[in-house]
Structure formats: C-alpha cells, structure tokens
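Engineer: coordinates for the following, if possible.
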Amino acid sequence: MSGTEPAEDPDAATGRNDDAATGRNDDGGAGLNNDGGGAATGPAAGSGADASSDNGSGNGSNSGSGNSADTGATPPEPDREAIKALEVELLGSERTLRRREVAAGAGVSLLSARKLWRAMGFPNLGDEDLAFTDNDLNALNTVIQLVRESKLTEEAAISVTRSIGQMTDRMVVWQVEALIEDMVVARGISDAEARRLLVLELPSLLQPLEEMLVYSWRRQMNAGVQRLALRAEAGLEASEEGREGDEDDAPLPLARAVGFADLVSYTSLSRRMNEKTLAQLVQRFENKCAEIISIGGGRLVKTIGDEVLYNAETPEAGAEISLALARAFAEDDLLPDARVSMVWGRILSRLGDIYGPTVNLAARLTALAQPGTVLTDASTASALSSDDRFVLVPQKARTVRGFGEIHPVTLARGAGEGLIMD
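Structural biologist: Here you go, the predicted structure:
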C-alpha cells in the first residue's frame, strides 16, 4: 500500500519517486545555473526515439495511468492534417529545434536540460530529432532562471518540475478518456470513432480547459499554503494531548487524521464484471469518496484501485469523513460495503503523498475492520472521547505486524446527523 514507510512495510508501494530531486539517472554534468552553452558531455541516449512522441513514452514514473493505448484497440487512422493542426495549436508552432539547440539557447549543458525533461516525463530523443519548439526553449529558460536567481535550488527545481509533469500527465489521460467515454455514450458511436473525432473537436475545448486548470491551481495553491504552512503549527499543538514525546512519529512535521476506505470483495467482483461495468464501479467509488472527503474538509491523497487514502486536519473531521464513507457504501445498492480506518497522528508529506507510522497503522487497521465499520486506535479514540458525536467501542487487543500489540476501537455515530450530503 503506497504512502507507507518502505523500510518498515515491505508491502508498501512507496519510494517510487525518491529520485525526484536527485537526477541520479543522469551521468553527472553541469548544474542548471551553468552557462555551458549546451555542450554535450556524453553520448546521446535514445537516439532512435520517435520525435513525434511528447510525453511519458519513455518514463516509467507514470505507469498505471490508464493510457488508452493499453486497451488493445486499434482505432482508425485519424486525418493527418487534423493531427498536425492540433499539435501546432498545442505546442505553439511546428517542431523546428533539436535538443542541443534548445539546451544551447538556455545556456546549459545537454545533461542539465535532460534532467528537467526527464522530470517533466519526456522520452529520450536523438540529436537529429526535430522535437522542440520555441515554447520548449522558453519553458526551459523559465525554470533555469529560477535557479540562477537563487529562488529555487537545483533539487527543488527538478522536484517541482517532476510534480508538474506527473500530475498533468495523469490529468490529461483522465480528461481524454472522459471526453471519449462521453462521446461514446451520448452519440452512440464506437470507441474507435470517438478517438478519431476527438482530434477534430478538442481545439474548441482547449482554452476553457486551460483556464480551468490555472484557476484550479491557484485555488489549490491557496488551500495548500493555508493547510501546510499557516495552520501546521496549530495542528501539532493540538496533537500533543496524550503523547509522551517519544512516539515513532514524533519527529514528523504535520499532524493529520489519516484514513483508508477499502471496498469489500472487490477482487472477486472484478473477475465477474466486464470492462465497462468494472469501469463504472471504480468511477462511482472514486466519485463518491471524492465528494464525501471534500464536503468533510479533508483531502483525497490518492486512489489505488479499490482503495482510497485521505487525510483531514483534525481527528473530529477525520472521524466524520470516515463514518460518512462507511454509511454511504452501506446504503449504495450498486457498491459493496467498505472497510474504513482512521488514525490521528503525525505524518510526512512529500511528492503529493503522505508517509509515516500513522499511515502504516491506518492501513493495518483497514484490514482488521469489519465490512461497513470504522476502526481506529486507542490514542485516536482518546482524542475523540469527549465528543458526543462519536461512540467508541474498544475491541480485543490484536498483534499487528510492525506495531506489536495494539488496542483497536470501533468508531460509530453518536449525537448529530454527521456530514450532510447535498
């Protein structure tokens, strides 16, 4: 389960981005603030790469993103003129620049430029591939200038660039598949026809989608600053009650309620479903989780197939979200029940994910929870004990791998209605 400590939890799928700021896949080379004029210091890698491929084809960091090429379908060949026109609109002009020319224009070595391109998710290209435009040069100059002006270190620049590359890659795949699915359903056409039509219809959608992206980024940045900077100290102070100071998570910088919701019998259900039905189930599950977590003031960290990881700033908010999730799935005729857990403790937030013993414990408790119930630990139960909105029922002690003996507590609804869903 991702989000956990790999050293303590071999089952966790974490650490996949731990080279985000190191650039260790490059063979050395000058830093990003070097004015080396793009001189190459080693042989070019991947010289046979397809210059028409922009993103992700040579990068393993985005595996599992659901690319349409994985479906096995072979849609009819779209009109080449329409494809060319769409590419020019998206890239700003035709591709006229080689990688060395872009690096030289930015005043850095080729290896330094490749660090940023790899972070963005671009495949390796050959020296003679005409793969870049003036927009690529401007973007490279923008990042490098931040380093030269000491606004970002080289490590921070690569990490920030990687965040943009990975998040926009997933976002684009999501949006393209959503548009195609909508055309298939609304117009009664085949998947292959929808993919061909998308090339013709996407230009009219580009500007509003771009405007929404910038709008959402600004809103999310504001919320993130409030949550991760301005209110962080208050959260740590609130987490001090009942702690001795020597807990495993004591050095970690953020206090959060961390929860998991896991669909019951998902594996057996998925074996009996066709592709379309399974996609609808997963989408319904994710949409319902996202809505409840948002209404409860929490953050959906990520979904992993049949499971969702979320957090909230207070134990009370985490408890309300957890109870609402368990109730929602119990009342949904189309979805199975969910096992839910929630733990209040300290975490480390990195690469858009969360880490630490609190995350590990919440994951372990999910496996122990009964379908339709919420399980927490004794420390979290203590933090909630004076709130009459919650009923806390201690369970028998259990031995949990990595934690020894713990004392699970079932969390149930007390006074009040809980989260009100529109």
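Engineer: mind saving the C-alpha coords of stretch 283-292 as CSV?
Structural biologist: The C-alpha coordinates for stretch 283-292 follow below in CSV (Å, rounded to 0.1, in the frame of the first residue of the first chain):
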residue,chain,number,x,y,z
GLN,A,283,-15.7,5.6,-11.2
ARG,A,284,-18.7,5.5,-8.8
PHE,A,285,-16.5,4.6,-5.9
GLU,A,286,-13.9,7.3,-6.6
ASN,A,287,-16.6,10.0,-7.2
LYS,A,288,-18.4,9.1,-4.0
CYS,A,289,-15.2,9.2,-2.0
ALA,A,290,-14.0,12.5,-3.5
GLU,A,291,-17.4,14.1,-2.8
ILE,A,292,-17.6,13.0,0.8
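Engineer: distance from that stretch to the middle of the chain?
Structural biologist: In terms of Cα atoms, centre = their mean, to the nearest Å, the centre of stretch 283-292 is found 15 Å from the chain centre.
Engineer: which residues sit against that stretch?
Structural biologist: Residues outside stretch 283-292 that contact it (Cβ atoms under 8 Å, 6 or more residues apart in numbering) are 261, 263, 300, 303, 306, 308, 310, 321, 324-325, 328-329, 332, 334-335, 419, 421. For the C-beta atoms, the positions are set from N, CA and C on the backbone; glycine is no exception.
Engineer: ok, now with 10 Å
Structural biologist: Residues outside stretch 283-292 that contact it (Cβ atoms under 10 Å, 6 or more residues apart in numbering) are 178, 181, 261, 263, 266, 298, 300, 303, 305-310, 320-325, 327-329, 332, 334-336, 338, 419, 421-422.
Engineer: am I right that residue 345 sits in a strand?
Structural biologist: Yes. With DSSP: H, G, I helix; E, B strand; the rest coil as the criterion, residue 345 is part of a strand.
Engineer: about what we covered before: out of the contacts of stretch 283-292, which sit inside strands?
Structural biologist: Residues from those lying in strands, with DSSP state E as the criterion: 261, 263, 300, 303, 307, 308, 309, 310, 338.
Engineer: now do the helices in the stretch 251-400 of the chain.
Structural biologist: Assigned by DSSP state H, counting those that start in this stretch, the helices in the stretch 251-400 of the chain fall at 266-272, 275-295, 315-331, 357-368, 378-384.
Engineer: tabulate those (JSON lines), appending distance to residue 206, mean pLDDT and mean neighbour count.
Structural biologist: Below are those laid out as JSON lines (distance: least, Cβ to Cβ, whole Å; pLDDT from 0 to 100; neighbours: other Cβ atoms under 10 Å):
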{"stretch": "helix 266-272", "distance to residue 206": "35", "mean pLDDT": "74", "mean neighbour count": "12"}
{"stretch": "helix 275-295", "distance to residue 206": "24", "mean pLDDT": "87", "mean neighbour count": "16"}
{"stretch": "helix 315-331", "distance to residue 206": "35", "mean pLDDT": "95", "mean neighbour count": "23"}
{"stretch": "helix 357-368", "distance to residue 206": "38", "mean pLDDT": "94", "mean neighbour count": "24"}
{"stretch": "helix 378-384", "distance to residue 206": "46", "mean pLDDT": "94", "mean neighbour count": "21"}
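Engineer: make JSON lines out of those helices and add distance to residue 207.
Structural biologist: Below are these laid out as JSON lines (distance: least, Cβ to Cβ, whole Å):
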{"stretch": "helix 266-272", "distance to residue 207": "38"}
{"stretch": "helix 275-295", "distance to residue 207": "26"}
{"stretch": "helix 315-331", "distance to residue 207": "36"}
{"stretch": "helix 357-368", "distance to residue 207": "40"}
{"stretch": "helix 378-384", "distance to residue 207": "47"}
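Engineer: and of the ones you listed, who's closest to residue 227?
Structural biologist: With Cβ to Cβ as the measure, helix 315-331 is the member of the helices of the stretch 251-400 of the chain nearest residue 227 (11.7 Å).
Engineer: and for residue 240, the neighbour number?
Structural biologist: When counting by other Cβ atoms under 10 Å, one arrives at 9 neighbours for residue 240.
Engineer: from what I see, it and residue 255 are in contact.
Structural biologist: Yes. Using Cβ atoms under 10 Å, residue 240 makes contact with residue 255 at a distance of 8.8 Å.
Engineer: picking up where we left off before, could I get the ones in strands among the contacts of stretch 283-292 in CSV, plus columns for pLDDT?
Structural biologist: Formatted as CSV, the ones in strands among the contacts of stretch 283-292 follow (pLDDT from 0 to 100):
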residue, pLDDT
261, 95
263, 90
300, 94
303, 89
307, 90
308, 94
309, 96
310, 96
338, 93
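Engineer: can you select the buried ones among those for me in ChimeraX?
Structural biologist: A single ChimeraX command selects the buried members of the ones in strands among the contacts of stretch 283-292 (16 or more other Cβ atoms under 10 Å):
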select :261,263,300,303,307,308,309,310,338
